[in-house]
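K.L.:
Just need the structure, nothing else, for what follows:
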Amino acid sequence: MTQTTSAADRIRTHLERVSQLRQQARSAGLERAVNEVKRLQAQRFRATYADFLQHPRYALPTRFFLDELYGVHDFERRDAQFARIAGALERLFPEAVAQLAVDLAETHALTEVLDHQLATHWLAQDASLAPAQRYTQSWRLTGEREARARQLAVVQHMGLELQRLTRMKPLRLALRMMRKPAQAAGLDALQHFLESGFDAFASLGDARPFLDTISARESTWIETLFDADAEDCSAALADELASSPSPD
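P.N.:
Just a heads-up that it's a prediction; the model follows:
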């Protein structure tokens, strides 16, 4: 009889992978290259969703994705907090909340694995290349088309789960009441993530048009980065980066 891996075990597995990658990046001198890749990707995201960042309904969830999933931040404290209470999440919260934490951990791990691979190729490229050209070459050397598709699918599932959870008013109230206990227990980064997600999707209404647009735009970029003529892809990416609004 096959045993199903618990949500807590999956969370810990994903976060352990992230921790290993951080250590490898530090020991291999890749940390700077990883951050350069992340900054370029965040810049592209701001350009691709510049309209959403100004939209009265879509600004909060767009910024949530940018800041909490793809931002150039040190998530080490948040990861440690998630790993520390993974079992408690599964015991004390509805299954959907535990699954949300699994989605976050998997997205985080997928992103770190891909960024680490990208950074390895980025570092091996001629530093005099234009960033868009250097990134396009690094992307194609990395490959991992299935992992890119999985990354997008998990983000979509996370968004739908966040919308569903925001409709559970007792859960939202319970989350607000956890602020001081969470701070006292050293779980403030985890609390911030959960509240940010709830606030962003509570203001959204129907999340499907928002998530469908993200899926369509990201799928187009994935196809372009893999399949378009390399020069055309680099030119399109350079134009996109040039149109990116400055970070707040």
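K.L.:
centroid residue for this structure?
P.N.:
Geometric centre of the chain, nearest residue: residue 69, 2.6 Å, by CA atoms, centre = their mean.
K.L.:
wait, isn't that residue in contact with residue 111?
P.N.:
Yes: with contacts counted by CB atoms under 8 Å, residue 69 reaches residue 111, the gap being 7.1 Å. For every residue, glycine as well, the C-beta is placed using N, CA and C.
K.L.:
where does the chain have its least confident helix or strand?
P.N.:
Ranked by mean pLDDT, DSSP states H and E, the helix or strand of the chain with the weakest confidence is helix 86-92, at a mean of 66.
K.L.:
distance of residue 246 from residue 49?
P.N.:
Separation of residue 246 from residue 49 (CB to CB, to the nearest Å): 14 Å.
K.L.:
So which residues of the chain form helices?
P.N.:
Taking DSSP state H, the helices of the chain run over residues 7-27, 31-48, 50-53, 59-68, 76-84, 86-92, 95-124, 131-142, 145-166, 169-177, 179-184, 188-202, 208-227, 230-242.
K.L.:
among the ones you listed, which gets the worst mean confidence?
P.N.:
Note on these: lowest mean pLDDT is at helix 86-92, with a mean of 66.
K.L.:
show me the contacts for residue 100.
P.N.:
Applying CB atoms under 8 Å, 6 or more residues apart in numbering to residue 100 gives the contacts 158, 161-162, 165, 197.
K.L.:
same question but for residue 40, I mixed them up
P.N.:
131, 135, 241.
K.L.:
Among the residues you listed, which one has the most neighbours?
P.N.:
With neighbours taken as other CB atoms under 10 Å, the top of these is residue 135, carrying 26 neighbours.
K.L.:
separation between the residue nearest to that residue when sequence neighbours are not counted and residue 122?
P.N.:
What sits nearest to residue 135 in space, not counting adjacent residues and going by CB to CB, 6 or more residues apart in numbering, is residue 40, at 5.7 Å. Per CB to CB, residue 40 is found 9 Å from residue 122.
K.L.:
tell me, what's touching the two both at once?
P.N.:
residue 135.
K.L.:
what comes into contact with stretch 204-217?
P.N.:
Under CB under 8 Å, 6+ apart, the answer for stretch 204-217 is 48-49, 52, 57-58, 60-61, 65, 152, 155-156, 159-160, 162-163, 201.
K.L.:
That stretch: how far from the chain's middle?
P.N.:
16 Å (CA atoms, centre = their mean, to the nearest Å).
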